[in-house]
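K.L.:
below: sequence and its predicted model.
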Amino acid sequence: MITDDAHLSAHCDHPVVVGVDGSESALHAVRWAAREAANRSAPLRLVHVCGLATVRRPRRVAPPRDFHDAVMAQGRHWLTEASSVARRTAPGLSVITDLRAGAPAEVMVSESRTAQLVVLGSRGLGGFRAMVVGSVAVALSAHGHCPVVVMHSSTRDNVPRDGGSVVVGVDGSELSDAALAFAFEWAAAHGVPLVAVHTWLDVHLAGAWTTLPGTVDWEQVQAGEEKRLAERLSPWRDKFPRVEVQAVVRRDRPDRALLEHATGARLIVVGSHGRDAFAGMGISSVSQTLLHHAECPVAVARTDRR
């Protein structure tokens, strides 16, 4: 139920898209996406990509027709199964299925152009065998046109939790603003609290501080970073007054701090590759760590729809 202004319904004509490949991980992604689509009053689009690669040496040879037909038939079966799961999860939801041939990453990036959200399982079969967190999700993070949510492998045997807060990484960049926008909208739509995590010193750079005079006032630095985060959050608090916000400022590596706060979280949100001049760590590196190790779904937000 929408608990604040219907911000997530602003693009209800754009579907929530899910990559389907017959794996249990993908079916959990379908369940999560079906609930999300229903909450956004958006259609759910289920896409399976058959990777029917041709042989290029010694000459270009297409797969045998029988093989082609069998692969496509299996794809249709997986889509039918996923459609049934989606309809049971969210009765009355508009569900569209699409069987495609091609390279999974390319197809899903193309799908993201008209989607408001793309959801993927972190481990799969078939076209997504090459470990989604290392290929398709990375491609979407770098080249996609909408946010992408990846269900981590730790959730493939268990439906992601319904409780817990939304955790968002804040590094002061434009892409951090994209993460904040997604996180606040999601928290407002689902009626859950938000934890904003900002780290002001990457431990990889800690050695550099040892060359400075021993006059650094660490409490003053901490206070300055707390003020910085408060200023960053202020317009979002005003826009979403019903969202309960906890601001966390840590002298730590951003990936470690976010993983710590992601324990028990419902969703964790980061930008695709911002850089904080003070922390010195690109958020893309952080998102890579989270995609591999977070125990909850990870949303990677982008700044615009191109």
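P.N.:
Structure received.

K.L.:
every contact and neighbour count from this point should use C-alpha atoms.
P.N.:
OK.

K.L.:
beyond the helix or strand hosting residue 106, next helix or strand please.
P.N.:
Secondary structure from DSSP states H and E places residue 106 in helix 104-111. Following helix 104-111 in sequence order, the next helix or strand is strand 117-121 (DSSP H and E).

K.L.:
what does that next one contact?
P.N.:
15-20, 25-30, 33, 112, 132, 137, 146-153, 156 (C-alpha atoms under 8 Å, 6 or more residues apart in numbering).

K.L.:
the residues you listed in strands, which ones?
P.N.:
16-19, 148-151 (DSSP state E).

K.L.:
will you turn these into JSON lines that also has pLDDT and distance to residue 45?
P.N.:
Shown next, in JSON lines, are the ones in strands among the contacts of strand 117-121 (pLDDT from 0 to 100; distance: C-alpha to C-alpha, whole Å):
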{"residue": "16", "pLDDT": "98", "distance to residue 45": "6"}
{"residue": "17", "pLDDT": "97", "distance to residue 45": "5"}
{"residue": "18", "pLDDT": "95", "distance to residue 45": "6"}
{"residue": "19", "pLDDT": "92", "distance to residue 45": "9"}
{"residue": "148", "pLDDT": "91", "distance to residue 45": "14"}
{"residue": "149", "pLDDT": "92", "distance to residue 45": "15"}
{"residue": "150", "pLDDT": "88", "distance to residue 45": "16"}
{"residue": "151", "pLDDT": "84", "distance to residue 45": "17"}
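
K.L.:
of those, grab the buried ones for ChimeraX.
P.N.:
For the buried members of those, the matching ChimeraX selection, counting by 16 or more other C-alpha atoms under 10 Å, is:
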select :16,17,18,19,148,149,150,151
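
K.L.:
what's the closest of the ones in strands among the contacts of strand 117-121 to residue 299?
P.N.:
residue 149 (4.2 Å; C-alpha to C-alpha).

K.L.:
residues near the closest residue to the closest one other than its chain neighbours, how many?
P.N.:
Nearest residue to residue 149, sequence neighbours excluded (C-alpha to C-alpha, 6 or more residues apart in numbering): residue 299, at 4.2 Å. Neighbours of residue 299 under the rule other C-alpha atoms under 10 Å: 28.

K.L.:
ramachandran coordinates for residue 299?
P.N.:
Taking degrees, to the nearest 10, you get phi -100, psi 130 for the backbone angles of residue 299.

K.L.:
now residue 258
P.N.:
phi -70, psi -40.

K.L.:
farthest pair in the ones in strands among the contacts of strand 117-121?
P.N.:
16 and 151 (14.7 Å).

K.L.:
so what's residue 97 closest to, chain neighbours aside?
P.N.:
residue 46 (4.7 Å).

K.L.:
where is the longest helix in the protein?
P.N.:
helix 65-89 (DSSP state H).

K.L.:
on the C-terminal side of that helix, identify the next helix or strand.
P.N.:
By DSSP H and E, the next helix or strand past helix 65-89 is strand 95-101.

K.L.:
residues of that next one that come out buried?
P.N.:
95, 97, 99-101.

K.L.:
please apply the same query to stretch 249-262.
P.N.:
Buried residues in stretch 249-262 (16+ other C-alpha under 10 Å): 249-255, 257-259, 261-262.

K.L.:
just flag the most distant two among those.
P.N.:
251 and 262 (17.1 Å).

K.L.:
any low-confidence regions in the stretch 201-306 of the chain?
P.N.:
Scanning the stretch 201-306 of the chain for pLDDT under 70 picks out 202-216, 273-284, 303-306.

K.L.:
tell me which element residue 227 falls in.
P.N.:
Residue 227 belongs to helix 218-239, assigned by DSSP H and E.
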